[in-house]
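Peer 1: Predicted model and sequence follow; I will ask about them next.
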Number of protein chains: 2
Amino acid sequence: MKFATLRDGSPDGALVVVSTDLRRAVKATGVADTLLAALESWERSEPRLLDLARSLNDGAIAGEFDFAGATLGPPLPRTWQWLDGSAFHSHGALMQRAFKHDHLDGAQTRPLMYQGGSDDFLGPSEDMPLPSETDGIDFEAELAVVVDRVPMGTSSATALEHVKLVMLANDASLRSHALPEKKTGFGWIHAKPATSFSPVAVTPDELGPAWRVGRVHLPMRVFWNGRAFGHPDAGEMGFGFHELIAHAAYSRNLSAGTIIGSGTISNENYRSVGSACIAERRAIEIEAHGHAVTEYMRFGDRVRIEMLDVNGNSIFGAIDQRIVPARR
Amino acid sequence: MKFATLRDGSPDGALVVVSTDLRRAVKATGVADTLLAALESWERSEPRLLDLARSLNDGAIAGEFDFAGATLGPPLPRTWQWLDGSAFHSHGALMQRAFKHDHLDGAQTRPLMYQGGSDDFLGPSEDMPLPSETDGIDFEAELAVVVDRVPMGTSSATALEHVKLVMLANDASLRSHALPEKKTGFGWIHAKPATSFSPVAVTPDELGPAWRVGRVHLPMRVFWNGRAFGHPDAGEMGFGFHELIAHAAYSRNLSAGTIIGSGTISNENYRSVGSACIAERRAIEIEAHGHAVTEYMRFGDRVRIEMLDVNGNSIFGAIDQRIVPARR
């Protein structure tokens, strides 16, 4: 199944089921008004949503509309928790070397994770309003999963049962604030503005054999102002989502609708596949030339993030959005 | 006005208005079913809640019940965002000296703040289930404010207009995880289990002259297993709540219902007034004797947190809860 959310003026939007080919959609009214409501009653709503998705994929049904013309929010415009990992070892190691971060014991055995704002997400084509061009505006292309309720103490052995949906994220960062906030140890407040998500969230079965060992084994395609920036493989995650979920649930319950992120996709062979965020490219430049060449984003810049299946079809639709100044 | 939330099996509970003397309460059904709903429509709901509160305080009304016998959740069982500051300089300085944290530039000018789980709060008398006694279980007595929607870029000059409610918090910590997680820079996931709140949240006018310059100028009374542990004055906050709110809203909008915390209450004269968390007492012991004497909490231990007005009346009711092992 594939799900999207229409902006309709309400904070949670209106849930729609989308055809596998992303061409057609139908409102899920009658089953669940919102995706959050569907996740909170998944056992009851899933079979009825499956019926609706099958009917839609089988042919024309009442109420269907052209998905390309829809005004989309993110699949979950707001939810109860957003916990983002940093699960790609090549990214962590590179950033540490280039920016001289302190060595971190246990980086290979203990996932890094921060909690971000989850109440004001952006849709795939919505402008991203930010306070200043001087903040070091960066994109971060990531995978994210949505879970149902995960009780405290859930182990990685059973954690994947809780993964109900997968989607793409642009976890934007304000890099000028990242290092000062990192030094506090308290995580990121200024450095992490609203995160954006792909047009649709999909159930793991839509990924076919690419979904295995808690990872999505496909390249993430990133474009900056229309130019290819990187296509690292998301399958190279140092920790699988089952390990990230278990880490998150050590001392807390996770409510249904909690989103867990992978962190910036990154590969060991970054010289050939490129990167999924500007900071990593700058780190590569610093390693190669002693200084960074690539500047961060400017107002008006666009980032496009997409993932294709092995046949070249877009799985999630594309995040394609513009950076704009926040109104003050 | 004073508000509380009854546990009724629903995730957000049932909103009640409580008399100023905390003796009687009445359901707010008809105005707003939940406190979150009231906050999300504050302009419309406030005058009607005020009418209800005045009627209740004036004398017997239909539907009133004995507040002492109510089964309470926290005023907001879940909300969209929980951002906790660390706004008491004496606490930060002491912890840095005793535990040899790195010196932090700008600690006096830039508030420390982390984002914690906001989807699974505990009520004032509810048991706190935790994974292990060996995690260094600590309480932290804090003040917290609840805001209506705060647009990105709101300045400290206007931020106090957004404060709708004030309450007490026990922001429990698992200290064994705090330092390793601090070193990552990513903030706290394992170290911060569910936060607990006082029986009632009050509008700032209920604090009278004690509410000024974005601070509550009254002592926080903390008891551990029935013994007085500390009574530091909450008015000694190094940053006022207006500054914490403006800090939080630099690059994000805050949804109505967002909770902003003060961090552990702490005073410069900690030797006479005591502390509001065990870690601080341990830091004082380390400074005095070279090693900590006081151990962290054990299962079965209780903490009580309360604030009295100048006449000795409880303003918020008391957090009084027990630490228990989580069921695995």
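Peer 2: Structure's in. What do you need?
Peer 1: how close does the closest residue to A:Gly274 other than its chain neighbours sit to chain B?
Peer 2: Leaving aside its sequence neighbours, A:Gly274 sits nearest to A:Gly230 (CB to CB, 6 or more residues apart in numbering or on different chains; 2.9 Å). Quick note: C-beta positions are derived from backbone N, CA and C, even for glycine. Using CB to the nearest CB, to the nearest Å, one gets 23 Å for the distance from A:Gly230 to chain B.
Peer 1: check contacts around A:Gly230.
Peer 2: A:Gly230 sits next to A:Ala141, A:Met220, A:Val222, A:Ile265, A:Tyr270, A:Val273, A:Gly274, A:Ser275, A:Ala276, A:Arg281 when contact means CB atoms under 8 Å, 6 or more residues apart in numbering or on different chains.
Peer 1: which two from those end up farthest apart in space?
Peer 2: Farthest-apart pair in the contacts of A:Gly230 is A:Met220 and A:Arg281; separation 14.5 Å (CB to CB).
Peer 1: Compare neighbour counts for those two and give me the winner.
Peer 2: A:Met220 (25 against 20; other CB atoms under 10 Å in any protein chain shown).
Peer 1: From A:His291, how far out is the closest residue to that one other than its chain neighbours?
Peer 2: In space, and not counting its chain neighbours, A:Met220 is closest to A:Ile265: 4.5 Å by CB to CB, 6+ apart. Separation of A:Ile265 from A:His291 (CB to CB, to the nearest Å) stands at 25 Å.
Peer 1: The two: which has the busier surroundings?
Peer 2: Taking other CB under 10 Å, A:Ile265 and A:His291 do not tie; A:Ile265 has more neighbours (33 against 8).
Peer 1: A:Ala248 reaches A:Ile259, doesn't it?
Peer 2: No. Applying CB atoms under 8 Å as the test, A:Ala248 and A:Ile259 come out as separate, 10.4 Å apart.
Peer 1: Show me the common contact partners of the two, please.
Peer 2: A:Leu83.
Peer 1: Measure how buried the residue nearest to A:Ser45 when sequence neighbours are not counted is and give me the count.
Peer 2: With CB to CB, 6+ apart as the criterion, A:Ser45 has its nearest non-adjacent residue at 4.5 Å, and that residue is A:Ala38. When neighbours are defined as other CB under 10 Å, A:Ala38 has 24 of them.
Peer 1: so how far is A:Asp301 from the nearest residue to A:Glu306 once chain neighbours are set aside?
Peer 2: Once flanking residues are discounted, A:Glu306 sits nearest to A:Ala318: 4.1 Å by CB to CB, 6+ apart. Using CB to CB, one obtains 16 Å as the distance from A:Ala318 to A:Asp301.
Peer 1: Is there a neighbour count for A:Thr109? I'd like the number.
Peer 2: 9.
Peer 1: swap in the one 10 residues further on?
Peer 2: Burial measure for A:Asp119: 23 neighbouring residues, criterion other CB under 10 Å.
Peer 1: okay, it: pLDDT?
Peer 2: Listed pLDDT for A:Asp119 reads 97.
Peer 1: Tell me which residues touch it, please.
Peer 2: Here A:Asp119 is in contact with A:Arg78, B:Trp80, B:Gln81, B:Leu254, B:Ser255, B:Thr258 (CB under 8 Å, 6+ apart).
Peer 1: can you map out the helices along the stretch 201-328 of chain A?
Peer 2: A:241-248, A:270-273, A:278-289 (DSSP state H, counting those that start in this stretch).
Peer 1: May I have the longest one exported as PDB, CA atoms only?
Peer 2: Think helix A:278-289. Presented in PDB, the C-alpha positions along helix A:278-289 are these (Å, rounded to 0.1, in the frame of the first residue of the first chain):
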ATOM      1  CA  ILE A 278      26.500  19.200   1.500                       C
ATOM      2  CA  ALA A 279      28.400  18.900   4.800                       C
ATOM      3  CA  GLU A 280      29.700  15.500   3.700                       C
ATOM      4  CA  ARG A 281      30.800  16.800   0.300                       C
ATOM      5  CA  ARG A 282      32.600  19.600   2.200                       C
ATOM      6  CA  ALA A 283      34.300  17.100   4.400                       C
ATOM      7  CA  ILE A 284      35.500  15.200   1.300                       C
ATOM      8  CA  GLU A 285      36.900  18.500  -0.100                       C
ATOM      9  CA  ILE A 286      38.600  19.200   3.200                       C
ATOM     10  CA  GLU A 287      40.200  15.800   3.100                       C
ATOM     11  CA  ALA A 288      41.300  16.200  -0.500                       C
ATOM     12  CA  HIS A 289      42.300  19.900  -0.600                       C
END
